[in-house]
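Undergrad: just coords:
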DNA sequence: TCCATTGAATGGGTGATCCATTTAATAATT
DNA sequence: AATTATTAAATGGATCACCCATTCAATGGA
């Protein structure tokens, strides 16, 4: 009613989303000691409420992977919100890897198995936004991989080692045939397999997230310069042998020195190593 | 009208989002060897396109934290999409911590400084969905913290140590006054400070993400049983002393043994340690 | 000078409507 | 009887046209 308050039904008379506007009760001390600041409320919006409710059902185990949510039209009515705003919530959850939306009759919103690649995207966003630096990422990767070697030596199974072996064979083949970019893909896969061989999916997720970005740089470097790591497969074999022998010290040393030489390669011609070119586009093997 | 195809303009004659339907080129071997599967395309939707474009601008450095996107109505027109679908995209980016939407004239969509808490939510979702287990998380946390101790010994600065000292004082106070739940908040903060003292935000982010969940369990345990770790502040002091002396071995040993005793505490009365109760609600100190 | 009022810009939200895809049921054809 | 088109319904995808609530600069009166 900016001008004349036209005599029109207020149309806001629906079911009234449970706790929507009455939000004064939301201030809470939140800290361990006296907290004199009173800022961070920023009124709850319906889509947030919806996301939270669905996540809550999930955490409570009421919703499990494979389950289907009611159809948009129906769920919107149940929640007493418009279909549009419900979709905003569903979209967010879909982007978060929690849901998958499927069209057609028998379609709907299905709870997904968690997608560990979500963490890669977080890492990528943090880098894009300048919250973390490439240096920090590389450094963290070195440390984390060191940890991975320890765990892999302790926990890797026969099947894990076999998978690594097979990967090295593909690397050799790609080298022979001069498919340098494919070889980068092999490297990506190598670290993924190595991470998996720790037997801990949390660790694996972390490793993947820092490696994914790193590999973008390697990919960009190889693609632009044509140079590539010498004796790669051979080094991998030595490393795998150490791993198979459960020789932490040796495996750790080998990997570390390899990482250092890769780092040197990347740091040649530093101008070309733009953060932006490496992050800008989706590259092979990184499909969402 | 569902039956007879009324003679109406098809209304789909807008600018036509650049590469929307022509996605046949999207099949690609993606792996290092033959890939006979042809599944994973699932037609690109406009909101995904929009998200990707904005992220691209971000990665390219065209958009930086602090920048403001055009108003919804205008941006929608520029992109040739409806405002609603644009909002779905903005919502997703907001949930991802990339944007913040602000109301009012002079409001708009502002690029944010990256929010490192995003990773916590990923971890939480993975746990809710059963992709990772509590055991894996605890295990990973122990290993990662071990790494953190090494890095903190090497890199912690005076200010970091002072912050930890101040935290311990708060812990003591809370202990004296019997505020057990506040003390849990202190613990959360302690690990956050410890993580920060490594000087590496990637590591810090990782530590925070595994610690946040862990602390929910501790919180739930303390809240329900009233029991709490004995001699906590004292142990913290010993640890901090070791850290200040840059004594990796000692600090590492102290932390490890503390983590083990906490773990034992949590594992008493295992039935009560439901994943669901710990994850279900937002607890103090975890406000988004 | 100071404070209340106004009004425009902006995000938040609604409801109706249409399109495109998918699937099951049905009818037509062989 | 088996196969193949056709039809119809359900569902997500998307659009349009509004309205509401908040914010803030400009305006104007005390």
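TA: Cool, the structure landed. Remember, predicted model here, so these are calculated numbers, not experimental data.
Undergrad: mind giving me the packing neighbours of the helix or strand containing residue A:56?
TA: Element membership of residue A:56, judged by DSSP states H and E, is helix A:46-59. The contact analysis (3 or more C-beta pairs under 8 Å, 6 or more residues apart in numbering or on different chains; DSSP states H and E) places helix A:46-59 against helix A:83-95, helix B:118-128, helix B:275-280. Any C-beta I mention is one placed from the backbone N, CA and C, and that applies to glycine too.
Undergrad: could you give the angle of the second one to helix A:83-95?
TA: Direction vectors for helix B:118-128 and helix A:83-95, defined by axes from the mean of the first three to the mean of the last three C-alpha atoms, to 10 degrees, enclose an angle of 90 degrees.
Undergrad: tell me the mean pLDDT over helix B:118-128?
TA: For helix B:118-128, the mean per-residue pLDDT is 96.
Undergrad: buried residues, stretch A:141-151. List them.
TA: By 16 or more other C-beta atoms under 10 Å in any protein chain shown, the buried positions in stretch A:141-151 come out as A:141, A:143-151.
Undergrad: can that stretch be found next to chain B?
TA: Yes - on the criterion C-beta under 8 Å from any C-beta of the partner chain, stretch A:141-151 is in touch with chain B at A:143-144, A:146-147, A:150-151.
Undergrad: so which of those residues also contact DNA strand C?
TA: Checked against DNA strand C using C-beta under 7 Å from any atom of the strand, the residues of stretch A:141-151 next to chain B yield no neighbours at all.
Undergrad: just give me the closest of those to residue A:85.
TA: residue A:144 (40.1 Å; C-beta to C-beta).
Undergrad: so which elements touch whatever helix or strand that closest one lives in?
TA: Residue A:144 belongs to helix A:134-155 when assigned by DSSP H and E. With contacts taken as 3+ C-beta pairs under 8 Å, 6+ apart, helix A:134-155 sits against helix A:118-128, helix A:180-196, helix A:201-225, helix A:232-244, helix A:248-267, helix B:134-155, helix B:201-225.
Undergrad: now the next helix or strand after that helix: average pLDDT?
TA: Next along the chain after helix A:134-155, taking DSSP H and E as the criterion, comes helix A:158-176. Helix A:158-176 comes out with an average pLDDT of 97.
Undergrad: which single residue of the stretch 51-200 of chain A ends up nearest DNA strand C?
TA: In the stretch 51-200 of chain A, the residue that lies nearest DNA strand C is residue A:104 (2.3 Å; C-beta to the nearest atom of the strand).
Undergrad: wait, is that residue part of a strand?
TA: No - under DSSP: H, G, I helix; E, B strand; the rest coil, residue A:104 sits outside any strand and is assigned coil.
Undergrad: next one: it from residue A:71, what distance?
TA: 12 Å (C-beta to C-beta, to the nearest Å).
Undergrad: these two: which has the busier surroundings?
TA: residue A:71 (14 against 6; other C-beta atoms under 10 Å in any protein chain shown).
Undergrad: phi, psi of that one?
TA: In terms of degrees, to the nearest 10, the main-chain angles of residue A:71 are phi -60, psi 150.
Undergrad: with the one 10 residues further on instead?
TA: In terms of degrees, to the nearest 10, the main-chain angles of residue A:81 are phi -130, psi 170.
Undergrad: pretty sure it contacts residue A:50?
TA: Yes - counting by C-beta atoms under 8 Å, residue A:81 touches residue A:50, with 7.0 Å between them.
Undergrad: a helix runs through residue A:110, doesn't it?
TA: No - if the criterion is three-state DSSP, then residue A:110 is strand and not within a helix.
Undergrad: what sits against it?
TA: With contact set as C-beta atoms under 8 Å, 6 or more residues apart in numbering or on different chains, residue A:110 has these partners: A:66-69, A:99-102.
Undergrad: try 7 Å this time
TA: When contacts are counted by C-beta atoms under 7 Å, 6 or more residues apart in numbering or on different chains, residue A:110 touches A:66, A:68, A:99-100, A:102.
Undergrad: run through the residues that contact the closest residue to residue A:60 other than its chain neighbours.
TA: Excluding the flanking residues, the one nearest residue A:60 by C-beta to C-beta, 6 or more residues apart in numbering or on different chains is residue B:276, at 4.9 Å. With contact taken as C-beta under 7 Å, 6+ apart, residue B:276 is in contact with A:59-61.
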